[in-house]
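Peer 1: Here is my input; please provide its structure:
(chains A and B)
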Amino acid sequence: MIRRWLCWLLALLGALVLRVAYTGWLAGFILLGVLSLPPMGLLLSLPALLAAKVELYPGSPRVRRGDAPCWRLTTYSTLGLPLGRVKGWVRTVNEWNGLTYQAKKSWFSTGAGTSLDLPAPAAHCGLLTGKLCQVWALDCLGLFWLPLRRGGEAHLWVGPVPKREELPPLPQEEAPGVRPRPGGGPGEDYDPREYRPGDPLSSIHWKLSAKRDELVTRETLETVRPLPLVTVDLFGDADTLDATLDLLAGVSGELLAQGRSHAVAWASPITGELRRCPVTGEEDLERCIEALTSQRAPLTGRSVLDLPGLGKSLHLKPGGGEK
Amino acid sequence: MRKKGRLKAPLEPWTIITDGLLLFLALTSTAFGAVTAYRVEVISSAIWVGCMVMTPVSLFLVHPRKYNPLPLLAGFTLWGWGLWRLWEPLVWGGTRLQCDIVNTVARKIPSVNEIVPVAELPAELWIRTATLWLLMVGCIYALVLALLLSGLRRVFPAVLWMLLPILPAICVTEAPDALPMGGMLSVWLTLTLTSLTGSRDPDGTARMRPVAFLCTAVALALLGKTLPTQGTAQPLWAADLRQGVIDGAGRGDFSSLLSRWNGWTGAGSTEYMNLLGDSPTHTGKVALRVETNQGGKHYLRGWSADVYTGKRWEPVDRKAQRELEAILEAGTRPLLLLGESVKEQQTYDIGSVSKDTMTVENVAAPGGCVYYPYALAALPENAEFGGDSHLERTGPVWEHTFSFYSEWANKDIFYYSRVHSSWVTYGEREVTAKNGGGRIPPERGGGEDLYRDFVYTHDLQVPEELRPMLENWLRERLNGPEGEELGLPKVPEDIFIFSPENFVRYALARYIWADRMWEQWLRDREEKLSQGWDHDAVNELWQEKYNTGGPTQEDMEAVELTPELVKIYRGDYLTCMLELVKQGLAQTTHYDRDTPAPPAGRDYVDWFLNESKQGYCMHYATAAALLLRTAGIPARYVSGYVAYAPYRTAETEVTDHAAHAWVEIYIDGVGWYPVEATPGFQNGAMGDIPTLETQPAQTAAPAVPKPTPTPSAAPTPTPDAAPSVAPSAAPTPSQGPGEQTGPGGQGEKGTVPVGVWYFLTALLLPAGAVLGRKGLLERRRKKLFGEDTNKAVLYAYACHRSMKRWGGQESEELTTLAEKARFSQHTLTTAERDQAVELFGAEKRRVGGELPSWKRPVFAFLWGNRGR
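Peer 2: Here you go, the predicted model:
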């Protein structure tokens, strides 16, 4: 832009010199022509600027830490007018560890639209939220930066790199409990309860019903064994959090590989609220880690181990601190 | 990144079409620009057709569908074959064009001689050969232009390539005609405006170029309506700056020029004299340093101007200047004529002549001219005449010594022509020769007659729309108290006497009429008179008869007028008319230095004489010049300084307070003679100019002198007369750099043409409207989605209601929400706010869709075209 301004100033100087040195009518036209170039440039650029918009998309919505993810900047114009030089600032916030990154990109936008990639920071795990802070386009003479319309936020999830280590011993399972079997059916153990519309007739305990003078139904029970519990703490610096997540991904993956379902539990580092997530397959594990990384993790907070009534669990801590 | 250069991707058809249109415009405007700049006679239709053919062919050659050298080869072969077959006429055409180009340069540069082709061909053949040459060369030119414009898409090389054919003409200040030049400027501006994207996105740029071309063409057309499109047109500030630079370069000292930025503009004389502006301001700084052996009032002349435009005085046009140059080459020196005449007359009268000397040092006077006293005895060293309008220095010399005849104003110079006439008519040349050499120099012969014709052609011009008013003004003065005071007879409305010939004719007719009337009168009273001759009674009765009557048109026609008679009585006519004009101005107007500029669109003189009736020297000089021209006396506007030199002192400093304007009239055989038209400056008076003896300034109004029957611009022999008129004002705040030095030394503010403001307004208004709309929509969006949901709902309701004027209908849901927002103690939820906004958006879409098509853009502009 400075070069263009210099060119225009030189042209203006030349036109002024011509106006002074040259007595003919032409010099007046040339001087006014050069003077009117900036406003005319602005005027001509307005339709292109108003019809254009810049959107931000993730190159790939899910990546692993250490990959090379990117934001995709797309410029398009409903009128098909070229914008010329465009520059924008993309601000990326890691929602988990709170780290913020800002990157500037400059590109040339044609009338048919332009797409280009901007590297996204994937050094740490977490949900990345990208936003176009500012987008400016040069007018058609390249003298003024003018603001462009921009789209909303975009999200990109950076997952952990599972740390495959020898599986630590899981805590002993707790005593099994019973619960009503879904769908009912035959069984040795049952509990009587009041009749509810829809209960099959075969489940009605006629004898007891006669005695109580109201319909009583047998509700079949089944034995339930609780899932082994894996716990993690969600506070610390970014590297600690990454290591925790890597460990969790490794352990859970290994457990799943052995066909052992389990649950992951953590405490909200600020409120201390317990969150629990059963993991029975890869999808569950991904969903669990996504939920875990979607909230802000401070440097210090409340540990899940401090919560009462948690029971026995495998607590994962980077640096071999499993309990 | 894509490398700049020739495009590989095929272009869209629309791109090719816009490129073709632009190329066609560039070709035609360049061709006709060159033709009009060099004044080449060509067959215009052939040039049009040639450009139409060359445009698609060169585009085809520049953008082949696939690389194939055959079309290019075939094209060049065809062109070469044509060159071979038409070689001889092409040589003739080239010669013709060469002559035209050289002659264009020769018209501007005297040292270059005009040339003519040796071959003697019929004019028709020259035109054809020149056209043929242009077309053949145009083929290659068009190919290169197409390559730069559409192939390589290089803007600045293309602009330079278009400029190349007219560059020699531009260098000698000869411009093409307005239309082709406007076309070229439009193409240049279009290319410049689309230069950023042109090479990298040709298809997108092709959508912008028609709009850009349209905008630039409209802008230039608007400018063309307001600015001059031919000849010389330089604003005062530029002309002044130009002269300052030339002066500075010559002097080797730019301090005077640079000091303008500190506010010192050095009021004085300039070539172009702007009449529109505020009242004059002066700095009080020294402009000239004068040393003379002759004390008293001296007029130091700067520039004179011949053409009155209603807004300013300016020199004659280029054509007339060339005509004048040709006349002056014969040896006539109009600005020395007065001195020669004074010398001759003095020699004739008293047998000897005494010369005075004056040294004028230019300290900071503007205009680039040498300021000099009237009646020069000879051309000073280091100076030469710039036409008949000024004296210019020939080197970096800022002090000039003049030898002059200070007695010029004391002599009855108006009647010199009568004596001159007598010499010629009655052969008294020998007598004057005996008296001491008052012989007419032989060089004052044919050249002077030519110059006289030139003056009578150009210095009698009055805008036709002003002529009736000026004639009427003169007639009113003649038949009014001014004429009566001068002893002039009353003239009937149907008799026109405002020319020397008519004046003499009328005077003679009056004698004839008087004789006839006298005889008749005597016959009627023969009986009475025979009884006794009461001389007084007869005389009284006759005077009454004489003053109430006058000759008729028949009497006028009966007069046999000879040129000799006109020459003899011309001096009387000049005296009468000058006094009539001066006294008329003094009686009907008053001097006021703070007179504002006339309203836009009003003529300067018309406003001064009929409306404001107040003014300063510029008003008086301009009005007097036009009135004298109306009376058939060649007159022009002059500006310079009026200096008062105390007697026998070594040096006088002339400040810019002394800047002044006056009139010069042309007297046959005498030359240009200065006439003072401003009341307060006549005779020896100095108006409101402070003299050395009266500084520092006293405060008094400028004196309005009593009319005098003699020419007034006379150096006074006594020192007492001039200082009696007190100066009016102390030095006023200085002018800024944006202001210009006006005529007569009055600093005038620079005026920007009204069209420029229209042009800028036309540019800025749409931009302001678009930006304002954007701001409005953004404010609305913020209000609708602000944190306070209640306010947002109420605003959505208000917006919804304002849809009614566009045909909107009330929404019960929105009304309920608005009532809740207004009267409930609860805060509305975000969902409710969204619902209200959505209702408003839906209504907006509905209303927008149902509006007639001509209302839709306005509605979309005001309310946005999206749902929200």
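Peer 1: residue contacts, the spatially most central residue of chain A?
Peer 2: For chain A, the residue sitting closest to the mean C-alpha position, by C-alpha atoms, centre = their mean, is A:Leu127 at 3.4 Å. Residues in contact with A:Leu127, defined by C-beta atoms under 8 Å, 6 or more residues apart in numbering or on different chains, are A:94-96, A:155-158, A:290, A:293-294. C-beta: built from backbone N, CA, C; applies to glycine.
Peer 1: ok and the residue in the stretch 201-323 of chain A nearest chain B?
Peer 2: A:Ser294 (21.4 Å; C-beta to the nearest C-beta).
Peer 1: what pairs with the residue nearest to that residue when sequence neighbours are not counted across the strands?
Peer 2: For A:Ser294, ignoring the flanking residues on the chain, the nearest one in space by C-beta to C-beta, 6 or more residues apart in numbering or on different chains is A:Leu127 at 5.2 Å. Beta-bridge partners for A:Leu127, by DSSP bridges, are A:Trp157.
Peer 1: With B:Leu574 as the reference, measure out to A:Leu127.
Peer 2: Remark: distance between A:Leu127 and B:Leu574 (C-beta to C-beta, to the nearest Å) = 101 Å.
Peer 1: likewise B:Glu812?
Peer 2: Taking C-beta to C-beta, one finds B:Glu812 at 94 Å from B:Leu574.
Peer 1: what about those two, which has more around it?
Peer 2: More crowded of B:Glu812 and B:Leu574, by other C-beta atoms under 10 Å in any protein chain shown: B:Leu574, with 25 against 8.
Peer 1: Which element, helix or strand, includes the more buried one?
Peer 2: Here B:Leu574 sits within helix B:563-588, counting by DSSP states H and E.
Peer 1: now for the next helix or strand after that helix, which elements pack on it?
Peer 2: Toward the C-terminal end, the helix or strand that comes next after helix B:563-588 (DSSP H and E) is strand B:590-591. Packing contacts for strand B:590-591, counted by 3 or more C-beta pairs under 8 Å, 6 or more residues apart in numbering or on different chains; DSSP states H and E, involve strand B:614-615.
Peer 1: Which elements pack onto the very next helix or strand once past the strand it packs on?
Peer 2: Going down the chain from strand B:614-615, the next helix or strand is helix B:617-630, by DSSP H and E. Judged by 3+ C-beta pairs under 8 Å, 6+ apart, the packing partners of helix B:617-630 are strand B:307-308, helix B:467-479, helix B:563-588, helix B:604-607, strand B:635-645, strand B:659-667.
Peer 1: now for the fourth one, which elements pack on it?
Peer 2: The one in question is helix B:604-607. Checking 3+ C-beta pairs under 8 Å, 6+ apart, helix B:604-607 ends up next to helix B:617-630.
Peer 1: can you check the fifth one too?
Peer 2: Strand B:635-645 makes packing contacts with strand B:286-292, strand B:296-305, helix B:617-630, strand B:652-655, strand B:659-667, strand B:671-675 when contacts are defined by 3+ C-beta pairs under 8 Å, 6+ apart.
Peer 1: Does chain B have contacts with the longest helix anywhere in chain A?
Peer 2: Criterion DSSP state H: the longest helix present in chain A is helix A:25-51. Yes: Helix A:25-51 is in contact with chain B by C-beta under 8 Å from any C-beta of the partner chain, via A:25-30, A:32-33, A:36-37, A:39-44, A:46-48, A:50.
Peer 1: what is the rounded mean pLDDT of the helix or strand that that helix is followed by?
Peer 2: Counting by DSSP H and E, the next helix or strand C-terminal to helix A:25-51 is strand A:52-58. In this model, strand A:52-58 has an average pLDDT of 90.
Peer 1: same thing with stretch B:642-656?
Peer 2: 77.
Peer 1: just stretch B:562-571 next, same as before
Peer 2: 76.
Peer 1: gap between the residue of the stretch 201-323 of chain A closest to chain B and A:Pro278?
Peer 2: 18 Å.
Peer 1: Ok, A:Arg164 next?
Peer 2: 22 Å.
Peer 1: A:Ala265 now?
Peer 2: 10 Å.
Peer 1: can you check B:Thr595 too?
Peer 2: According to C-beta to C-beta, B:Thr595 stands 98 Å off from A:Pro278.
Peer 1: ok, now A:Leu31?
Peer 2: 79 Å.
Peer 1: before we move on, back to that, mind putting the helices and strands packed on strand B:635-645 into JSON lines with mean neighbour count?
Peer 2: Formatted as JSON lines, the helices and strands packed on strand B:635-645 follow (neighbours: other C-beta atoms under 10 Å in any protein chain shown):
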{"stretch": "strand B:286-292", "mean neighbour count": "21"}
{"stretch": "strand B:296-305", "mean neighbour count": "26"}
{"stretch": "helix B:617-630", "mean neighbour count": "27"}
{"stretch": "strand B:652-655", "mean neighbour count": "22"}
{"stretch": "strand B:659-667", "mean neighbour count": "27"}
{"stretch": "strand B:671-675", "mean neighbour count": "25"}
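Peer 1: Could you report the neighbour count for B:Ser269?
Peer 2: Neighbours of B:Ser269 using other C-beta under 10 Å come to 31.
Peer 1: I meant B:Leu227, not that one.
Peer 2: 19.
Peer 1: which SSE is B:Lys225 in?
Peer 2: In this assignment (DSSP H and E), B:Lys225 forms part of helix B:202-226.
Peer 1: cool, B:Lys820 as well?
Peer 2: Going by DSSP H and E, B:Lys820 is in helix B:812-823.
Peer 1: Check which helices and strands that helix is in contact with.
Peer 2: helix B:789-802, helix B:830-850.
Peer 1: between those helices, which one is nearest to B:Val42?
Peer 2: Proximity to B:Val42 (C-beta to C-beta) singles out helix B:830-850 among the helices and strands packed on helix B:812-823, at 56.3 Å.
Peer 1: and the closest residue to chain A within the stretch 201-350 of chain B, what does it touch?
Peer 2: Nearest to chain A, among the residues of the stretch 201-350 of chain B, is B:Gly204, at 2.5 Å (C-beta to the nearest C-beta). Applying C-beta under 8 Å, 6+ apart to B:Gly204 gives the contacts A:80-82, A:110-112, B:197.
Peer 1: Among these, which one has the most neighbours?
Peer 2: A:Pro82 (30 neighbours).
Peer 1: A:Gln134: which element?
Peer 2: Counting by DSSP H and E, A:Gln134 is part of strand A:126-138.
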